[in-house]
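Undergrad: build the 3D model from these lines:
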Amino acid sequence: MKHHDLQEKLHGIWSRRHLALLTLLAVFLTAAAATNHAAALYILTGADDAAIVLDGKTKTPDLSSQMVFVTTGGKGYDVTLAAKQTVTVHRDDMTETVQSKKESVSRLLERMGIVPSPLETVAVDLSGDGVSITVAEEITYYDRVVEEVAFDTVRVANPEMKKGTEQVVQEGADGVRTSIYEVVFSNGQELSRQFVEEIDSTAVDQIVEYGTAEEQPASTAMTNNKSAISSVSKNGDGSGTLTLADGTTLNFSAAKSMTATAYTAGHGGADYCTATGTTVRVGTVAVDKRVIPLGTKMFIVTNDGIVYGTAVAEDTGVRGDKVDLYFDTYQQCINFGRRSCTVYILK
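TA: Numbering: from 1, shown residues only. Below you'll find the model as predicted:
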(Lines give C-alpha, C1' and ligand atoms only; values in the text may rest on other atoms or scores of the structure.)
Protein backbone atom coordinates (compact mmCIF):
# COMPACT_ATOMS: atom_id res chain seq x y z
CA MET A 1 0.00 0.00 0.00
CA LYS A 2 1.50 3.34 -1.01
CA HIS A 3 2.03 6.14 1.49
CA HIS A 4 -0.63 8.43 -0.03
CA ASP A 5 -3.10 5.55 0.07
CA LEU A 6 -2.38 5.19 3.77
CA GLN A 7 -3.02 8.87 4.35
CA GLU A 8 -6.52 8.55 2.89
CA LYS A 9 -7.28 5.93 5.54
CA LEU A 10 -6.34 8.13 8.51
CA HIS A 11 -9.08 9.42 10.80
CA GLY A 12 -9.21 12.66 12.83
CA ILE A 13 -8.72 12.60 16.59
CA TRP A 14 -11.43 14.48 18.50
CA SER A 15 -11.44 15.76 22.09
CA ARG A 16 -12.85 13.33 24.66
CA ARG A 17 -13.44 14.93 28.05
CA HIS A 18 -16.32 12.91 29.46
CA LEU A 19 -16.17 9.48 27.79
CA ALA A 20 -14.19 6.40 28.68
CA LEU A 21 -13.92 4.93 25.16
CA LEU A 22 -13.54 7.56 22.46
CA THR A 23 -11.77 7.24 19.12
CA LEU A 24 -8.57 9.21 18.59
CA LEU A 25 -7.08 7.79 15.38
CA ALA A 26 -7.22 4.94 12.89
CA VAL A 27 -4.11 3.74 11.04
CA PHE A 28 -3.51 1.06 8.43
CA LEU A 29 -0.13 -0.70 8.95
CA THR A 30 1.48 -2.40 5.94
CA ALA A 31 2.02 -6.15 6.01
CA ALA A 32 5.72 -6.38 5.13
CA ALA A 33 8.27 -8.86 6.41
CA ALA A 34 10.98 -6.18 6.52
CA THR A 35 9.04 -4.01 8.94
CA ASN A 36 7.03 -6.69 10.77
CA HIS A 37 3.99 -4.40 10.63
CA ALA A 38 0.65 -6.17 10.95
CA ALA A 39 -1.82 -5.71 8.11
CA ALA A 40 -4.67 -4.63 10.37
CA LEU A 41 -6.67 -1.54 11.15
CA TYR A 42 -5.47 0.09 14.39
CA ILE A 43 -7.83 2.15 16.56
CA LEU A 44 -6.46 4.12 19.52
CA THR A 45 -9.07 4.94 22.16
CA GLY A 46 -9.39 6.44 25.62
CA ALA A 47 -6.85 9.32 25.58
CA ASP A 48 -8.45 12.62 26.57
CA ASP A 49 -8.01 16.25 25.55
CA ALA A 50 -6.42 15.89 22.12
CA ALA A 51 -7.28 17.35 18.73
CA ILE A 52 -4.92 15.99 16.09
CA VAL A 53 -5.28 15.13 12.42
CA LEU A 54 -2.58 12.86 10.99
CA ASP A 55 -2.87 13.79 7.34
CA GLY A 56 0.81 13.76 6.38
CA LYS A 57 0.93 17.57 6.29
CA THR A 58 1.47 18.25 9.97
CA LYS A 59 4.32 17.31 12.28
CA THR A 60 4.00 13.90 13.91
CA PRO A 61 2.57 14.56 17.40
CA ASP A 62 4.17 13.56 20.68
CA LEU A 63 1.61 11.71 22.81
CA SER A 64 4.10 10.71 25.52
CA SER A 65 1.77 12.06 28.21
CA GLN A 66 -0.68 9.39 27.07
CA MET A 67 1.96 6.61 27.30
CA VAL A 68 2.25 6.28 23.52
CA PHE A 69 4.29 7.76 20.71
CA VAL A 70 3.33 8.10 17.06
CA THR A 71 6.11 7.63 14.53
CA THR A 72 6.06 7.80 10.76
CA GLY A 73 8.14 6.51 7.93
CA GLY A 74 8.01 5.21 4.39
CA LYS A 75 5.66 2.42 5.42
CA GLY A 76 3.13 4.63 7.20
CA TYR A 77 2.35 5.27 10.86
CA ASP A 78 2.98 3.09 13.87
CA VAL A 79 2.12 3.39 17.58
CA THR A 80 4.82 2.81 20.21
CA LEU A 81 4.18 2.07 23.88
CA ALA A 82 6.38 3.42 26.66
CA ALA A 83 8.54 0.87 28.50
CA LYS A 84 7.28 -1.10 31.51
CA GLN A 85 3.60 -0.48 30.88
CA THR A 86 1.16 -3.20 31.87
CA VAL A 87 -0.54 -4.40 28.70
CA THR A 88 -3.52 -6.77 28.64
CA VAL A 89 -4.19 -8.43 25.30
CA HIS A 90 -7.55 -9.98 24.36
CA ARG A 91 -8.07 -12.18 21.32
CA ASP A 92 -10.95 -14.62 20.95
CA ASP A 93 -11.12 -16.46 24.31
CA MET A 94 -7.48 -15.67 25.21
CA THR A 95 -6.47 -12.96 27.71
CA GLU A 96 -2.78 -12.39 28.55
CA THR A 97 -0.94 -9.64 30.45
CA VAL A 98 2.63 -8.59 29.60
CA GLN A 99 5.00 -5.67 30.21
CA SER A 100 5.85 -3.44 27.26
CA LYS A 101 9.48 -2.80 26.20
CA LYS A 102 9.07 0.61 24.53
CA GLU A 103 8.00 -1.12 21.36
CA SER A 104 5.35 -0.69 18.74
CA VAL A 105 2.02 -2.40 19.25
CA SER A 106 2.64 -4.56 16.19
CA ARG A 107 6.02 -5.70 17.54
CA LEU A 108 4.54 -6.43 20.98
CA LEU A 109 1.88 -8.61 19.36
CA GLU A 110 4.55 -10.33 17.29
CA ARG A 111 6.55 -11.00 20.46
CA MET A 112 3.44 -12.69 21.88
CA GLY A 113 3.01 -14.76 18.73
CA ILE A 114 -0.06 -12.83 17.59
CA VAL A 115 -0.19 -11.79 13.93
CA PRO A 116 -3.49 -10.01 13.13
CA SER A 117 -5.03 -11.00 9.84
CA PRO A 118 -6.01 -8.35 7.25
CA LEU A 119 -9.63 -8.76 8.40
CA GLU A 120 -8.90 -8.12 12.08
CA THR A 121 -8.94 -4.80 13.91
CA VAL A 122 -6.58 -3.91 16.77
CA ALA A 123 -8.12 -1.62 19.41
CA VAL A 124 -5.65 0.02 21.83
CA ASP A 125 -7.53 1.32 24.88
CA LEU A 126 -5.78 3.81 27.21
CA SER A 127 -8.75 4.59 29.46
CA GLY A 128 -7.62 2.40 32.39
CA ASP A 129 -4.51 2.26 34.57
CA GLY A 130 -2.72 0.18 31.97
CA VAL A 131 -3.10 -0.47 28.27
CA SER A 132 -5.73 -2.87 26.90
CA ILE A 133 -5.38 -4.30 23.39
CA THR A 134 -8.20 -6.18 21.70
CA VAL A 135 -7.66 -8.09 18.45
CA ALA A 136 -10.92 -9.08 16.79
CA GLU A 137 -12.78 -9.09 13.50
CA GLU A 138 -15.47 -6.87 15.07
CA ILE A 139 -14.70 -3.89 17.31
CA THR A 140 -17.25 -1.46 18.80
CA TYR A 141 -16.22 2.01 19.98
CA TYR A 142 -17.72 5.49 20.40
CA ASP A 143 -16.87 8.43 18.15
CA ARG A 144 -17.37 12.12 18.95
CA VAL A 145 -18.39 14.16 15.89
CA VAL A 146 -19.07 17.87 15.44
CA GLU A 147 -21.70 18.26 12.72
CA GLU A 148 -24.33 20.57 11.33
CA VAL A 149 -27.85 19.77 12.49
CA ALA A 150 -31.33 20.95 11.51
CA PHE A 151 -33.68 22.18 14.19
CA ASP A 152 -36.35 19.86 15.59
CA THR A 153 -40.04 20.73 15.76
CA VAL A 154 -41.56 20.11 19.17
CA ARG A 155 -45.33 19.99 19.39
CA VAL A 156 -46.89 20.88 22.73
CA ALA A 157 -50.54 20.34 23.61
CA ASN A 158 -52.40 23.45 24.83
CA PRO A 159 -55.78 22.55 26.37
CA GLU A 160 -56.78 26.21 26.33
CA MET A 161 -56.58 26.40 22.53
CA LYS A 162 -59.40 25.26 20.29
CA LYS A 163 -58.95 21.72 19.01
CA GLY A 164 -57.65 21.69 15.43
CA THR A 165 -55.74 24.98 15.76
CA GLU A 166 -52.03 25.51 16.32
CA GLN A 167 -49.46 28.29 16.55
CA VAL A 168 -45.66 28.64 16.47
CA VAL A 169 -44.51 30.04 19.80
CA GLN A 170 -40.77 29.74 19.11
CA GLU A 171 -39.06 29.87 15.72
CA GLY A 172 -36.49 27.14 15.05
CA ALA A 173 -32.89 27.69 13.95
CA ASP A 174 -30.32 25.25 12.53
CA GLY A 175 -27.02 24.91 14.37
CA VAL A 176 -23.99 22.76 15.14
CA ARG A 177 -23.98 19.87 17.58
CA THR A 178 -21.45 17.57 19.19
CA SER A 179 -22.73 14.02 18.83
CA ILE A 180 -21.65 10.58 19.97
CA TYR A 181 -21.96 7.68 17.52
CA GLU A 182 -21.58 3.98 18.17
CA VAL A 183 -19.23 2.67 15.47
CA VAL A 184 -18.77 -1.00 14.60
CA PHE A 185 -15.74 -2.13 12.58
CA SER A 186 -15.98 -5.60 11.06
CA ASN A 187 -13.51 -7.34 8.76
CA GLY A 188 -11.37 -4.20 8.56
CA GLN A 189 -14.19 -1.89 7.45
CA GLU A 190 -16.72 0.34 9.15
CA LEU A 191 -19.87 -1.78 9.32
CA SER A 192 -22.28 0.62 11.00
CA ARG A 193 -22.46 4.03 12.65
CA GLN A 194 -25.45 4.80 14.85
CA PHE A 195 -26.31 8.02 16.67
CA VAL A 196 -26.23 7.54 20.46
CA GLU A 197 -26.57 10.90 22.12
CA GLU A 198 -26.15 14.64 21.71
CA ILE A 199 -23.59 16.28 24.01
CA ASP A 200 -24.42 19.87 23.12
CA SER A 201 -26.08 21.80 20.31
CA THR A 202 -26.54 25.38 19.14
CA ALA A 203 -29.73 24.46 17.27
CA VAL A 204 -32.97 26.00 18.55
CA ASP A 205 -36.12 23.88 18.58
CA GLN A 206 -39.21 25.17 16.83
CA ILE A 207 -42.05 24.94 19.35
CA VAL A 208 -45.60 24.55 18.07
CA GLU A 209 -48.58 24.58 20.39
CA TYR A 210 -51.71 22.79 19.23
CA GLY A 211 -55.18 22.96 20.72
CA THR A 212 -56.87 19.91 22.15
CA ALA A 213 -60.02 19.38 24.14
CA GLU A 214 -58.59 16.38 25.97
CA GLU A 215 -55.02 15.14 26.27
CA GLN A 216 -54.31 11.93 24.40
CA PRO A 217 -53.00 9.22 26.77
CA ALA A 218 -49.41 8.32 26.04
CA SER A 219 -50.11 4.61 25.82
CA THR A 220 -53.26 4.60 23.66
CA ALA A 221 -51.65 2.99 20.61
CA MET A 222 -50.04 0.05 22.35
CA THR A 223 -51.61 -0.95 25.65
CA ASN A 224 -54.93 -2.06 27.07
CA ASN A 225 -56.27 -3.10 30.44
CA LYS A 226 -55.61 -6.78 29.69
CA SER A 227 -51.84 -6.15 29.60
CA ALA A 228 -51.76 -4.37 32.95
CA ILE A 229 -49.82 -6.12 35.72
CA SER A 230 -52.06 -7.40 38.49
CA SER A 231 -49.25 -8.87 40.63
CA VAL A 232 -45.50 -9.41 40.78
CA SER A 233 -43.98 -12.38 42.63
CA LYS A 234 -40.21 -12.19 43.24
CA ASN A 235 -37.72 -14.83 44.34
CA GLY A 236 -34.59 -14.32 46.38
CA ASP A 237 -32.32 -14.38 43.31
CA GLY A 238 -34.20 -11.52 41.59
CA SER A 239 -36.26 -13.73 39.32
CA GLY A 240 -40.01 -14.03 39.58
CA THR A 241 -43.38 -14.14 37.86
CA LEU A 242 -45.61 -11.43 36.42
CA THR A 243 -49.36 -11.99 36.43
CA LEU A 244 -51.27 -9.84 33.96
CA ALA A 245 -54.85 -8.64 34.25
CA ASP A 246 -56.04 -11.25 31.74
CA GLY A 247 -54.49 -14.07 33.79
CA THR A 248 -51.38 -14.50 31.62
CA THR A 249 -48.22 -15.31 33.59
CA LEU A 250 -44.70 -14.37 32.48
CA ASN A 251 -41.57 -15.68 34.16
CA PHE A 252 -38.64 -13.26 34.38
CA SER A 253 -34.98 -13.78 35.34
CA ALA A 254 -34.31 -10.20 36.49
CA ALA A 255 -35.92 -6.79 36.85
CA LYS A 256 -33.90 -3.71 35.87
CA SER A 257 -34.61 -0.08 36.77
CA MET A 258 -33.96 1.91 33.60
CA THR A 259 -34.85 5.06 31.67
CA ALA A 260 -37.12 4.72 28.63
CA THR A 261 -37.25 7.19 25.75
CA ALA A 262 -39.75 7.07 22.88
CA TYR A 263 -38.56 7.10 19.26
CA THR A 264 -39.99 6.59 15.79
CA ALA A 265 -38.52 6.10 12.32
CA GLY A 266 -37.73 9.24 10.34
CA HIS A 267 -37.02 11.44 13.37
CA GLY A 268 -33.76 12.05 15.21
CA GLY A 269 -31.79 9.90 12.78
CA ALA A 270 -33.84 6.75 13.47
CA ASP A 271 -34.03 4.33 10.54
CA TYR A 272 -36.67 1.79 9.51
CA CYS A 273 -34.21 -1.12 9.81
CA THR A 274 -32.67 -2.27 13.09
CA ALA A 275 -29.11 -3.39 13.87
CA THR A 276 -30.35 -7.00 13.72
CA GLY A 277 -31.92 -6.54 10.27
CA THR A 278 -35.57 -6.44 11.37
CA THR A 279 -38.08 -3.71 10.53
CA VAL A 280 -39.00 -1.35 13.37
CA ARG A 281 -42.45 -1.76 14.91
CA VAL A 282 -44.15 -1.36 18.29
CA GLY A 283 -42.26 -3.78 20.52
CA THR A 284 -38.86 -2.97 18.99
CA VAL A 285 -36.42 -1.76 21.66
CA ALA A 286 -32.95 -0.25 21.26
CA VAL A 287 -30.51 -1.27 24.00
CA ASP A 288 -26.86 -1.14 25.00
CA LYS A 289 -25.96 -4.71 24.06
CA ARG A 290 -23.40 -4.79 26.89
CA VAL A 291 -26.28 -4.32 29.35
CA ILE A 292 -29.06 -6.25 27.57
CA PRO A 293 -27.98 -8.70 24.84
CA LEU A 294 -29.66 -8.41 21.45
CA GLY A 295 -32.55 -10.85 21.10
CA THR A 296 -33.57 -10.56 24.76
CA LYS A 297 -37.33 -10.65 25.36
CA MET A 298 -38.67 -8.14 27.88
CA PHE A 299 -41.81 -6.82 29.50
CA ILE A 300 -41.64 -3.06 30.12
CA VAL A 301 -43.79 -0.87 32.36
CA THR A 302 -43.13 2.73 33.38
CA ASN A 303 -43.01 3.75 37.02
CA ASP A 304 -46.15 5.86 36.53
CA GLY A 305 -48.15 2.88 35.28
CA ILE A 306 -47.89 2.95 31.47
CA VAL A 307 -47.46 -0.58 30.13
CA TYR A 308 -45.36 -0.85 26.97
CA GLY A 309 -45.72 -4.60 27.23
CA THR A 310 -43.77 -7.40 25.61
CA ALA A 311 -40.79 -6.27 23.57
CA VAL A 312 -37.55 -7.56 22.01
CA ALA A 313 -34.05 -6.03 22.07
CA GLU A 314 -33.44 -5.70 18.31
CA ASP A 315 -31.57 -2.41 17.92
CA THR A 316 -28.60 -0.53 19.39
CA GLY A 317 -27.66 3.11 19.74
CA VAL A 318 -28.04 3.74 23.49
CA ARG A 319 -25.57 3.45 26.34
CA GLY A 320 -25.95 2.27 29.90
CA ASP A 321 -29.20 1.62 31.72
CA LYS A 322 -31.42 3.08 29.01
CA VAL A 323 -33.87 1.72 26.46
CA ASP A 324 -35.47 3.36 23.44
CA LEU A 325 -39.07 2.23 22.83
CA TYR A 326 -40.50 2.33 19.31
CA PHE A 327 -43.81 4.11 18.66
CA ASP A 328 -45.73 4.35 15.39
CA THR A 329 -46.09 8.15 15.33
CA TYR A 330 -44.10 11.18 16.30
CA GLN A 331 -47.04 12.50 18.34
CA GLN A 332 -47.04 9.34 20.47
CA CYS A 333 -43.32 9.92 21.09
CA ILE A 334 -44.02 13.49 22.21
CA ASN A 335 -46.75 12.26 24.57
CA PHE A 336 -44.54 9.55 26.07
CA GLY A 337 -41.28 11.51 26.16
CA ARG A 338 -38.79 10.06 28.67
CA ARG A 339 -39.89 8.09 31.74
CA SER A 340 -38.40 5.88 34.44
CA CYS A 341 -39.37 2.26 33.96
CA THR A 342 -38.87 -1.34 35.05
CA VAL A 343 -37.61 -3.77 32.44
CA TYR A 344 -38.43 -7.40 33.25
CA ILE A 345 -36.04 -9.76 31.46
CA LEU A 346 -38.24 -12.66 30.36
CA LYS A 347 -37.08 -16.27 30.41
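Undergrad: which ones are touching Q170?
TA: Q170 makes contact with 204-207 under the criterion Cβ atoms under 8 Å, 6 or more residues apart in numbering. C-beta here means a position set from N, CA and C on the backbone, and glycine is covered the same way.
Undergrad: could you redo the last one with a cut-off of 10 Å?
TA: Shown in contact with Q170 (Cβ atoms under 10 Å, 6 or more residues apart in numbering): 151, 154, 156, 204-209.
Undergrad: closest to F252 out of those residues?
TA: Distance to F252 across these (Cβ to Cβ) is lowest for V154, with 35.3 Å.
Undergrad: just checking: what are the partner strands of the helix or strand that closest one falls within?
TA: Element membership of V154, judged by DSSP states H and E, is strand 153-158. Using DSSP bridges, strand 153-158 pairs in its sheet with strand 206-211 (parallel).
Undergrad: what residues does the partner strand touch?
TA: 151-173, 331.
Undergrad: recalculate using a threshold of 6 Å.
TA: Residues outside strand 206-211 that contact it (Cβ atoms under 6 Å, 6 or more residues apart in numbering) are 151, 153-156, 158, 161-163, 165-170, 172.
Undergrad: now I345: which helix or strand?
TA: Going by DSSP H and E, I345 is in strand 338-346.
Undergrad: where in this structure is pLDDT low?
TA: 1-79, 127-128, 188-189, 213-226 (pLDDT under 70).
Undergrad: give me the most central residue, it.
TA: In the chain, the centroid-proximal residue (Cα atoms, centre = their mean) is E182; its distance is 3.6 Å.
Undergrad: sorry, back to before: of the contacts of Q170, keep whichever come out buried.
TA: Buried by 16 or more other Cβ atoms under 10 Å: 151, 206-209, out of the contacts of Q170.
Undergrad: nearest to C273 among those residues?
TA: C273 has its nearest neighbour among those in F151, at 25.8 Å by Cβ to Cβ.
Undergrad: let me know whether the closest one touches R177 as I believe.
TA: No: using Cβ atoms under 6 Å, F151 is not in contact with R177, being 10.6 Å away.
Undergrad: next, count neighbours for the closest residue to A157 other than its chain neighbours.
TA: The shortest distance from A157 to any non-neighbouring residue, by Cβ to Cβ, 6 or more residues apart in numbering, is to T212 (5.0 Å). When neighbours are counted by other Cβ atoms under 10 Å, T212 registers 17.
Undergrad: next one: G295
TA: For G295, the neighbour count with other Cβ under 10 Å is 10.
Undergrad: rewinding a little: strands paired with the strand holding I345, and their directions?
TA: strand 249-263 (antiparallel), strand 297-302 (antiparallel).
Undergrad: next, the buried residues of the host helix or strand of L242.
TA: In the assignment (DSSP H and E), L242 maps to strand 240-244. The neighbour-count check on strand 240-244 (16+ other Cβ under 10 Å) flags 240, 242, 244 as buried.
Undergrad: I'm done for today, thanks for sticking with me.
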